[in-house]
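> Structural data only, the sequence is not supplied:
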């Protein structure tokens, strides 16, 4: 038998050293030790305590993701001769190759009738961008930001858009955790985590649903390991038995490395893809049958319990078991662990949100916590595992299509403006409008909107129907070479976080705001996003009652945010005081909820109907961050390459296939041709394929409440190569 796969371990240490050697040990050390927030996931580290230190002063707080994120920023500039190649040439490169061409170090422009990018001067580029947005007008424009940008740049971006006259302002969370914001908002009145990092040192049970932190949030694994060491329970609910969630060799722990890894999961349930609501209703039903509800908490701090109990009593176990593929004994065992824990935390990822009922799923996670009184006190609560390092901050400071009325009013008063109050379009609505010919200009600050979208063909068509696209980025990606044959594209090179000319701030998924010093000089010819946006705004709107040039000093931006955005008052002097902080009014360490009556609400939702077919979920690999591909194989899934599909061995055999066969995978939206079929420990009926390659199979339908696409519940079928694709 082959040796079992273990997450982390010596290979990850070796990989980190090889990466550091490739980009230079001095460069790596400088990047990792500077007082800048980590560029990877929103778990957060770095800032004023030091580059590899978190808010608990734990050192070294670093992981493979941190080093991978640094590796692209430390690259030299793209050789100018690369841009002599046509778009067709560049399209022959995959995402890994494009990212590793180097850093973009000069503005480049692709004209409507041209087939390649050409260098352009900064002034000419900004004049062109202003002219194109002015011609398009606010109602036929949209503005988009990824979660890697700073709070300062995000605030200027959304203010620029609104001063221009549009609320078509959105960010990447609409394609990841927007369902979390909607679901938590409906139940507990806040859309963010109810725990801070310190709470993970107090809990004795963690329930992780629909997430793979061994690949995507490796430092969270450290906390799960510590729970096990304290004698607590760590339960995974995931259709895939991910090796790194079963056992993980912590690179910074000699003992963990020597013994071949620590056991992470104490229990592991593998439900059908898309059956999360069956699972959660089953856990609630089991808790009620065990009499494990916290009656005093429910009476004092919640409403709607009777409806939840009636819904549970009317739901038979057979329906639950048939729906999710788990037994009532499995669900009772986990419900008992959760209810009897002194302090329990539920963490979840996009395996919960990437469904047409993603917001319902999140509401039922909150229902379970409320039922058992595992919220509203230190050590217990809810933790959405967010991706980008500042995706939560970008939403906090207003990069979203709808602002609270009081925030909008304060913004109008501060700047002497009358801002639009009609709701703007979310990300998919903007893409749909573009596909229908309704968008003439778009600004994308970071990210890769082409590959972030489901249905690759739709995404390319929609983007190409936008007459002018302005990208602010550090490196090239496939979004810069697809979807622009008949349109214009202008790319402006920006500083990375640790290269910013002034300090910037970021917010972790624990509602913790860090200060990044910036200040590292690597490339000439790149500019901070905030500077670029201020210069664009001054050209686009020269007659405003205030001058956007006043925002070039970042302190001015932070002072404005502190006055306008609730809970951010401490931001005003963070660069002077050097005091990083938790945002006021969010952390629920007392059971006073952010609702009108201060009580949380139980919510009842119907079960979804599940198709009787193979169900695809798109996933990330260990060597990947969002759409950025660092490695073409997945070390934690047996070294499979990215053009692979993972399935249960029995499902393969039932269809006449075996591990290693090559076939086509099709959905109603598209086809992945000639993929390798790999046997993996999965729930029956489950299919995994890598994002963004598998976007060819996913559709544009969204959860009607959160507007999040269903990346993780797409019916698919296998087609033999010799059978052709007509079927």
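Cool, the structure landed. In this text, all values refer to a predicted model and were calculated from it rather than measured experimentally.
> okay, now the closest residue to residue 116 other than its chain neighbours: neighbour count?
Once flanking residues are discounted, residue 116 sits nearest to residue 86: 4.9 Å by C-beta to C-beta, 6 or more residues apart in numbering. In short, each C-beta sits where N, CA and C put it, glycine included. A count of nearby residues for residue 86, using other C-beta atoms under 10 Å, gives 12.
> To which secondary structure element type does residue 81 belong?
Counting by DSSP: H, G, I helix; E, B strand; the rest coil, the backbone at residue 81 sits in helix.
> likewise residue 719?
strand.
> and what of residue 472?
On the basis of three-state DSSP, residue 472 is classed as strand.
> ok, it - contacts?
Contacts for residue 472 (C-beta atoms under 8 Å, 6 or more residues apart in numbering) come out as 443, 444, 445, 446, 492, 494, 529, 532.
> For it, which non-adjacent residue is spatially closest?
Residue 472's closest residue in space is residue 445 (C-beta to C-beta, 6+ apart), at 4.6 Å.
> just residue 98 next, same as before
residue 476 (4.8 Å).
> For the one you found, give its distance to residue 104.
Distance, residue 476 to residue 104, by C-beta to C-beta, to the nearest Å: 6 Å.
> what touches both of these two?
Common contact partners of residue 476 and residue 104 (C-beta under 8 Å, 6+ apart): 78, 491.
> what's the helix or strand for residue 588?
Using DSSP states H and E, residue 588 sits in no helix or strand.
> Can you tell me the SS state at the nearest residue to it once chain neighbours are set aside?
Distance criterion C-beta to C-beta, 6+ apart; nearest residue to residue 588, sequence neighbours excluded, is residue 194 at 4.2 Å. Per three-state DSSP, the local secondary structure of residue 194 is coil.
> where does residue 194 fall, phi/psi-wise?
Note on residue 194: its backbone torsions stand at phi -100, psi 10 [degrees, to the nearest 10].
> do the same with the one 3 residues further on
For residue 197, the backbone dihedrals (degrees, to the nearest 10) come out as phi -60, psi -40.
> List the buried residues of stretch 136-145.
136, 138, 140, 141, 142, 143, 144, 145 (16 or more other C-beta atoms under 10 Å).
> What separation is there between residue 329 and residue 415?
For residue 329, the distance to residue 415 (C-beta to C-beta) stands at 61 Å.
> More neighbours: which of the two?
residue 415 (18 against 10).
> if I pick the more buried one, what's in contact with it?
Per C-beta under 8 Å, 6+ apart, neighbours of residue 415: 159, 163, 544, 545, 546.
> Retrieve the pLDDT associated with residue 13.
Residue 13 carries a pLDDT value of 54.
> again, but for the one 3 residues further on
Each residue has a pLDDT score; the one for residue 16 is 58.
> change the start of the numbering to 292 and stick with it
From this message on, residue numbering opens at 292, which makes the last subject residue 307.
> Can you get me a residue count around residue 841?
Other residues within reach of residue 841, judged by other C-beta under 10 Å, total 12.
> Hmm, I typed the wrong one, I wanted residue 775.
The burial count for residue 775: 22, using other C-beta under 10 Å.
> Quick check: phi and psi at it.
phi -150, psi 20.
> thought it was touching residue 400?
No - using C-beta atoms under 8 Å as the test, residue 775 is too far from residue 400 to be in contact (11.1 Å).
> Return the members of the contacts of residue 706 classed as buried.
Buried members of the contacts of residue 706, counted by 16+ other C-beta under 10 Å: 450, 454.
> out of the contacts of residue 706, who's nearest residue 574?
Residue 574 lies nearest to residue 450 out of the contacts of residue 706, by C-beta to C-beta, at 43.7 Å.
> residues touching the closest one, list them.
689, 702, 706.
> Among those, which are located in strands?
Secondary structure from DSSP state E places none of the contacts of residue 450 in strands.
> quick one on the thing from earlier: what sits against the residue nearest to residue 389?
369, 381, 389, 390, 392, 395, 782.
> elements contacting whatever helix or strand the third one lives in?
For residue 389, the element it lies in under DSSP H and E is helix 386-390. With contacts defined as 3 or more C-beta pairs under 8 Å, 6 or more residues apart in numbering; DSSP states H and E, the secondary structure elements packing on helix 386-390 are strand 919-920.
> so the residue nearest to residue 623 when sequence neighbours are not counted, which of the three states?
What sits nearest to residue 623 in space, not counting adjacent residues and going by C-beta to C-beta, 6+ apart, is residue 577, at 4.3 Å. Taking three-state DSSP as the rule, one finds residue 577 in the helix state.
> Report how many residues lie close to residue 577.
With other C-beta under 10 Å as criterion, residue 577 counts 24.
> could you measure it against residue 524, distance?
Counting by C-beta to C-beta, the gap from residue 577 to residue 524 is 15 Å.
> which stretches of the protein have low pLDDT?
Scanning the chain for pLDDT under 70 picks out 292-297, 299-314, 316-319, 322, 549, 1015-1018.
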